[in-house]
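> predicted coordinates and the sequence they were generated for:
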Amino acid sequence: MSSEHLMFPDALLRQLLEDSGCVIYSHDIEPPYTIRYAGGSTQAVLGLRPDQLIGRPVSHVVNMGDWLANRTYAGNGALISDARARHFSGSTSWVRCHSRVLDDDGVGRMVGIAVVIDELKLRELELAKRVREDALTGLLSRESFLEEARQTLDRVPERTALGIMDLDGFKRINDTLGHPFGDAVLQEVGVRVAALCNDQLKMARLGGDEFGLLVEADEAQAAPIIDAVAKVVGDEMEIGGVHVRTRGSIGWTMGAPGLTTPELMRQADVAMYEAKRNRLGRQRYSPNGDRPGKESLDRVARLARSLERELIMWFQPLVDLDSGKVVAVEALARWGHPERGVRSPAEFLPLIDQGGLRTRFDLWALEAVAEASDLCAPSGERIRLAMNISVDGLRSPQFLPRVRQLRQEGVFVADQFTIELSEKDLAEDLARLAPTLHELRALGVGLSLDDFGTGHSSLIRLRQLPFTEVKIDRSFVAGIVLDHTDHTIVRTTVDLGSSLGLTVVAEGVENMDIAEMLADMRCHIGQGFRFAMPAPLDSLVRDGHVIRRPLDSVPQVRADVPDELLTRLREVLG
């Protein structure tokens, strides 16, 4: 059938248009865009007959904000615009208008067709929301945050404060309570900081437990706003009946003409790591600290690449104060830097923590100690080996199974291997770590409470845990000859530890006077430069036996040596 025979009666055509769900229209090209013609499904889409629309402005039925904001021009000269259309009943639906200008007897008119796109528009809006918002917290996404920061920096550079916040201890929450619980913590943080957001403050989740802050204010106004964010994040939260507390370390910086958003992000990152490293809570970026910040990040990256290749293990003997015999050695890591030489833990452990490498470091240390497990005392007995481990390392899913395997293989015999845990680290996780500590003790692993006196524990409270040893922190031991308070603290700790059946070790024994006074107190073991300095294994071993230099060949550090010299010696040697 040829096309000229395919004709629709006018009545049928009108019916098809009414059933199509489309609105056909014509309106003026100048405001107020008066409607000159309406047809199609006006009753279904708008709840009005065509004659009720003619003569009215487009704004009578269409949201003009949408209509003007969402206009795009197609390549064929057509104008496409999405807008919410109002039904006579008060409901709304999204329509997509396809229009073009036609000449109507010398008068320009806009003619077009509007199609309902509710389902399509909802999908588009949801997609846009996902791009703009973080799915977990509802805060801005990283991409949206960076765009907001760019626009604010372009508009008011000297009133742009940008910050990065990292949640302290969040990894511990994830590891101990599970990722769903961790997600709930992030959501609660999102709710709290979202309540502070307004035209002046915008917040984003940048990824993981890292958040972005954007404050449109000068420095004096921005500081209290950032403080308020830190406060609400630090308040205790209850999730599923569990009470947890976290803290945000925030680094922030101020914009200036010529600075870019990536540069501000880098500055805030440097300041955030400074805040985290020094437990400051908040830290304003300082150009004076930038070079160390860059160097620090470079060194973290180097450690991440070569941790197992460049770290080395040194050992320091522990001596029985009564007999003078070596009864154990403590493994102490060093960084064998190719260009800078051997570096002390004080220099690289902060980098380990900064780079999130602590668990990996602890697992490396365990293997390094296992390699020295055949060390013997001159009597022929295997010598006890001690190593430090962090709470993160202890909770690692690999650590306990590996210790169990080493015991089963006979690499460590019972009571030959001791794990040292810092009192400061244990203070927050004592109850959660108890099952792991009991299982380690059941394997014959000794447990030593290191740095005792620097935290908030008491030996009475720790009696419920299976510790076998307590190590008195060097800060107390160093003063026992001249300081009455330190003397009393050390004596009391020795007496109480002994009464609880614990071996008591004094760290920082640096001269004969201290060693003799500790022996008089009946302290069991001493460790320090008085006996031997940390050294590579081959310098401590002869014929498979651990040796130490004769007492008269060890440099004597008298109690009246200036404090600054003692401090420097500790940095260089310990």
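In hand now; what should we look at? Quick caveat: nothing in here was measured; it's all calculated off a predicted structure. Numbering: from 1, shown residues only.
> for the stretch 151-300 of the chain, what spans make up the strands?
160-168, 201-207, 210-216, 237-239, 242-244, 247-254, 282-284 (DSSP state E, counting those that start in this stretch).
> return the distance of the fifth one from the chain's centre.
The chain centroid and the centroid of strand 242-244 are separated by 19 Å, computed with C-alpha atoms, centre = their mean, to the nearest Å.
> what of the longest one?
Centroid separation between strand 160-168 and its chain, computed with C-alpha atoms, centre = their mean, is 11 Å.
> now do stretch 320-332
Centre-to-centre, stretch 320-332 and its host chain are 39 Å apart (C-alpha atoms, centre = their mean).
> kindly export that stretch (C-alpha atoms) in PDB.
C-alpha atoms of stretch 320-332 as PDB (Å, rounded to 0.1, in the frame of the first residue of the first chain):
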ATOM      1  CA  ASP A 320      70.500 -11.800  86.000                       C
ATOM      2  CA  LEU A 321      71.400  -9.200  88.600                       C
ATOM      3  CA  ASP A 322      72.300 -11.800  91.200                       C
ATOM      4  CA  SER A 323      74.600 -14.100  89.100                       C
ATOM      5  CA  GLY A 324      75.600 -11.700  86.300                       C
ATOM      6  CA  LYS A 325      74.600 -14.400  83.700                       C
ATOM      7  CA  VAL A 326      72.800 -13.600  80.400                       C
ATOM      8  CA  VAL A 327      69.400 -15.100  80.800                       C
ATOM      9  CA  ALA A 328      67.700 -13.700  77.700                       C
ATOM     10  CA  VAL A 329      68.100 -11.400  74.700                       C
ATOM     11  CA  GLU A 330      65.600  -8.900  73.400                       C
ATOM     12  CA  ALA A 331      65.200  -8.400  69.700                       C
ATOM     13  CA  LEU A 332      65.400  -4.800  68.700                       C
END
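> any buried residues in that stretch, and which?
For stretch 320-332, the neighbour count (16 or more other C-beta atoms under 10 Å) marks 321, 326-332 as buried. Every C-beta, even on glycine, is put in place using the N, C-alpha and C of the backbone.
> then stretch 414-422?
Neighbour counts over stretch 414-422 (16+ other C-beta under 10 Å) mark 416-422 as buried.
> mind giving me the packing neighbours of the host helix or strand of Gln405?
Using DSSP states H and E, Gln405 sits within helix 399-408. Helices and strands touching helix 399-408, by 3 or more C-beta pairs under 8 Å, 6 or more residues apart in numbering; DSSP states H and E, are helix 358-370, helix 430-442.
> which of those helices is buried the deepest?
Ranked by mean neighbour count, those are led by helix 358-370 with a mean of 19 (mean count of other C-beta atoms under 10 Å).
> residue contacts, the spatially closest residue to Leu303 that is not a sequence neighbour?
Excluding its sequence neighbours, the residue lying closest to Leu303 (C-beta to C-beta, 6 or more residues apart in numbering) is Leu351, at 5.7 Å. The neighbourhood of Leu351, defined by C-beta atoms under 8 Å, 6 or more residues apart in numbering, consists of 296, 299-300, 303, 357.
> cool, Glu439 as well?
Residues in contact with Glu439 (C-beta under 8 Å, 6+ apart) are Leu400.
> please apply the same query to the one 5 residues further on.
Listed by C-beta under 8 Å, 6+ apart, the contact partners of Gly444 are 407, 412-417.
> quick one: which of the buried residues of stretch 414-422 sit in strands?
Among those, the members found in strands (DSSP state E) are 417-422.
> isn't Thr72 up against Arg96?
No. Using C-beta atoms under 8 Å, Thr72 is not in contact with Arg96; the gap is 10.7 Å.
> mutual contacts of these two, please.
Here Thr72 and Arg96 have 80-81 as joint contacts, going by C-beta under 8 Å, 6+ apart.
> look at the two and report which has more neighbours.
Arg96 (16 against 9; other C-beta atoms under 10 Å).
> quick check: that one is in a strand.
Yes. The assignment for Arg96 is a strand, going by DSSP: H, G, I helix; E, B strand; the rest coil.
> which residue sits closest to it, ignoring its sequence neighbours?
Using C-beta to C-beta, 6+ apart, the nearest residue to Arg96 is Ile117, at 4.7 Å.
> can I get the buried residues of stretch 414-422 in a markdown table with distance to Met521?
A markdown table is the format used below for the buried residues of stretch 414-422 (distance: C-beta to C-beta, whole Å):
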| residue | distance to Met521 |
| --- | --- |
| Gln416 | 27 |
| Phe417 | 28 |
| Thr418 | 22 |
| Ile419 | 26 |
| Glu420 | 21 |
| Leu421 | 24 |
| Ser422 | 23 |
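> now, which of those sits nearest Leu440?
Taking C-beta to C-beta as the measure, Leu440 sits nearest to Ile419 out of these, at 6.5 Å.
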